[in-house]
Each structure stands twice: as C-alpha cells, then as structure tokens.
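**Student:** pasting the sequence and the predicted coordinates here, then a few questions.
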Amino acid sequence: MVIKITDCHFENNGTGIKAPTSAKIDMSGTSFKGNGKAMDIYVSAADLNQLGLPENTPQEYLQEVIQILQGQKGQSEEVQVAAISDSSLFKWLGHAASVSSIASGIIAFVQRL
C-alpha cells in the first residue's frame with residue numbers, strides 16, 4: 001500500500017499519521033506542529049499472523065524488538081536472537097513460544113523495513 005502525502009500540515013493532533021509497517025510512505029513538503037506524535041507506525045494484524053504472533057501482541061513490545069534489531073544490523077542471526085531474547089515481547093510470550101523460531105521471522109521482517 002502506498003500512502004502519498006504532499007504539502008500537508010498536521011497541527012495539534014494526538015497523532016498526525018498512523019500507518020502499518022507494510023505501508024510505503026511517500027511524503028514531501030509536509031509539516032507537523034504540536035502533535036502528540038507525528039507518526040505512529042504499527043505492525044498490522046496480517047503481519048502479526050505471518051510472524052506467528054497473537055493478534056493482541058502489544059505494539060510497544062514489537063517496537064522495542066524492532067529498535068533492538070535495527071541497532072544490531074550487520075550482526076549474525078545468533079547475536080540478534082540473543083539481543084532480543086530478554087525483551088518484553090519474549091517475556092510476555094512466555095514459554096509458549098520458541099524464541100529462535102519466532103525471532104528468525106521477526107529478524108527477516110525488520111530487515112524488510
């Protein structure tokens with residue numbers, strides 16, 4: 001999905017733009033002023049399903065993992081898995097999830113962002 005935003009002004013909103021990670025955002029000449037958050041990018045239910053995660057997975061846990069992995073770019077998968085294994089996401093999932101199998105999917109997903 002492509003979201004094209006040209007010469008727009010977002011002011012005094014809670015959130016200026018909310019879009020899934022799968023969206024391609026083409027933005028130019030756009031400004032944000034006095035918003036609670038300029039952009040809120042979330043992982044969609046379809047992406048959660050593809051990753052083998054429950055639909056009620058907290059977005060803040062996913063954002064934490066994405067930030068960790070983006071800081072680990074260029075590292076081996078083993079290092080990346082170790083980096084996220086103690087994250088809030090895997091604590092929340094508990095023993096029901098295989099860290100390595102879900103982590104591999106998340107790593108591949110973040111590489112496409």
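**Tutor:** Happy to help now that I have it.
**Student:** when you work out contacts or count neighbours from here on, use the C-alpha atoms and nothing else.
**Tutor:** Will do.
**Student:** and the longest helix that the chain contains, what does it pack onto?
**Tutor:** The longest helix of the chain (DSSP state H) is helix 99-112. With contacts defined as 3 or more C-alpha pairs under 8 Å, 6 or more residues apart in numbering; DSSP states H and E, the secondary structure elements packing on helix 99-112 are helix 45-51, helix 59-70, helix 77-84.
**Student:** how long is stretch 8-27 from one end to the other?
**Tutor:** In stretch 8-27, first residue to last residue: 9 Å (C-alpha to C-alpha, to the nearest Å).
**Student:** contacts for it next, please.
**Tutor:** By C-alpha atoms under 8 Å, 6 or more residues apart in numbering, the residues outside stretch 8-27 that reach it are 1-6, 29-44, 113.
**Student:** next one: that stretch to chain centre, how far?
**Tutor:** For stretch 8-27, the separation from the chain centroid amounts to 15 Å (computed by C-alpha atoms, centre = their mean, to the nearest Å).
**Student:** try stretch 80-100
**Tutor:** 16 Å.
**Student:** what's the average pLDDT for that stretch?
**Tutor:** Per-residue pLDDT over stretch 80-100 has a mean of 82.
**Student:** quick one: buried residues of that stretch?
**Tutor:** Neighbour-count burial for stretch 80-100, with 16 or more other C-alpha atoms under 10 Å as criterion, is recorded at 80-81, 84, 88-90, 99.
**Student:** can you check stretch 27-38 too?
**Tutor:** Of the residues in stretch 27-38, those with enough neighbours to count as buried (16+ other C-alpha under 10 Å) are 32, 38.
**Student:** any weak-confidence spans in the chain?
**Tutor:** Low-confidence segments of the chain, defined by pLDDT under 70, span residues 95-98, 100.
**Student:** show me how it divides into domains.
**Tutor:** The record, using automatic domain parsing to delimit domains, assigns the chain the ranges 1-42, 44-113.
**Student:** and the last one, end to end?
**Tutor:** Right, the one you point to is domain 44-113. 13 Å.
**Student:** ok so, going back, could you dump the helices and strands packed on helix 99-112 to CSV with distance to Asn13?
**Tutor:** As requested, the helices and strands packed on helix 99-112 are arranged in CSV below (distance: least, C-alpha to C-alpha, whole Å):
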stretch, distance to Asn13
helix 45-51, 25
helix 59-70, 20
helix 77-84, 33
